[in-house]
Structures are given as C-alpha cells and as structure tokens.
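In: Predicted structure and sequence below. I'll ask about it afterward.
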Amino acid sequence: MVRANLCEEVSMAGVSPGSFAQQLPTPSPFSFSVASTRWSSRPPIHLSGLYLRFLALVLSFVSALSLANPPKSKGQGGSSFDKCPELMYCFVVSIVAFVYSAFQLFKGVCDISYRGIVISDKVSDYLSFILDQMVAYLLTSSSSVGILAIQQAERNSPLWKAAIISVSMSFAIFVVVATCALFSGYKLCKRISW
C-alpha cells in the first residue's frame with residue numbers, strides 16, 4: 001500500500017521510477033565504502049593479489065639466498081657467484097623482485113588499512129600494470145641467462161646447485177608475477193571501461 005502510494009507520487013511528479021534509477025551512478029567493483037575497512041569488504045581479486053605478492057616475496061628471497069649462500073658439499077669449499085656475471089645478474093634481479101614484491105605487499109596492506117590514502121587507485125593501477133610487466137621481463141631474462149650459467153658451471157659444485165635453485169625459483173617468481181600482471185591488467189581494463 002505504501003509502495004503504491006510512493007510510485008503514484010513519483011509518477012505524479014513527472015519522474016518515472018526507471019529514470020530515477022538511471023540517474024544514480026553504479027559503483028565500481030574495486031571501490032569500497034569508507035565505513036568498512038575489513039578484509040572481507042575488499043573484492044576477492046585484491047586478496048588473491050596479496051597472497052600472490054607474498055608468494056613472490058618468499059620465492060625471490062629463496063632465489064637470492066641460494067646464490068648468496070650456496071649449499072656446501074662435504075670436502076668442498078664454497079664458491080662465490082660474483083665471478084660469474086650471469087649469476088650476478090640473476091642475483092640482482094632476484095633482489096629487485098624481492099623489493100618490488102615487498103613494496104606491492106606493503107601498498108596492498110596500506111590500501112586495505114587506510115582506504116587508498118597512500119597512493120590513489122588510478123595511479124596504483126597504472127603503476128602496478130607497468131611495473132609488473134617490467135619485473136616479469138627481468139625475471140624471464142635472468143632465468144634464460146641463468147640457464148647458460150648452469151651449463152658453463154662445473155657439475156655437482158656448490159655454485160652449480162645454487163644456480164639450479166636460483167633459476168628454478170626465478171621461473172616460479174615469473175609465473176607468480178605474470179599472474180599478478182594479469183590481475184593488474186584486468187583491474188586497469190575495468191577502470192578504463194567504467
């Protein structure tokens with residue numbers, strides 16, 4: 001009864017209910033209300049992005065650590081990777097991936113905690129998309145250069161084992177960062193299409 005009276009009043013005012021609904025803006029699926037800052041208020045793509053960033057952080061740490069401290073075999077001394085420029089490049093790229101993953105993880109937690117005050121959503125989407133592509137390229141090139149270093153290294157030496165661990169972790173980081181790049185590309189396309 002009350003609803004019928006309301007519809008009649010709206011119709012009498014010359015505004016149809018359909019046109020009234022079209023005047024309200026549709027909220028973006030990536031925005032969230034100021035009142036809710038809990039983890040559950042974020043879209044699932046943000047939380048899965050955080051999990052992937054944490055995984056990239058751990059994998060890049062393992063990759064860099066395996067080169068910095070190669071496993072020592074019984075009776076063999078440790079060998080350093082700094083004499084091999086290919087492995088030095090792999091180490092530097094692993095450190096870059098570690099720092100970038102730490103930055104993205106920090107930014108993601110700050111976005112949830114402080115509602116996007118640190119970096120605006122638009123700048124964040126563009127920055128994440130571009131930097132994900134660059135880090136993925138660096139990881140691909142370091143993996144390919146690391147394979148050459150594995151082929152040139154002496155078999156069963158500590159440096160050979162460390163290079164295998166580092167290259168396999170670099171490839172795993174590449175898969176994770178490429179997935180993050182797909183997510184950031186999706187978010188950027190959604191932002192442009194809104």
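Out: Looks like it arrived, so ask away.
In: in the protein, which spans are helices?
Out: With DSSP state H as the criterion, the chain has helices at 2-12, 17-23, 44-68, 85-114, 121-152, 158-193.
In: Can you name every helix or strand that the fifth one contacts?
Out: Think helix 121-152. helix 85-114, helix 158-193 (3 or more C-beta pairs under 8 Å, 6 or more residues apart in numbering; DSSP states H and E). The C-beta positions use only the backbone N, C-alpha and C, and glycine is treated the same way.
In: Compute the inter-axis angle for that helix and helix 44-68.
Out: 30 degrees (axes from the mean of the first three to the mean of the last three C-alpha atoms, to 10 degrees).
In: Check the burial of the residue lying closest to residue 64 once chain neighbours are set aside by counting its neighbours.
Out: Closest residue to residue 64 apart from its sequence neighbours, by C-beta to C-beta, 6 or more residues apart in numbering: residue 94 at 4.0 Å. If you count neighbours by other C-beta atoms under 10 Å, residue 94 ends up with 28.
In: Residue 94 touches residue 170, doesn't it?
Out: Yes - look at residue 94 against residue 170 with C-beta atoms under 8 Å: they come within range, at 6.6 Å.
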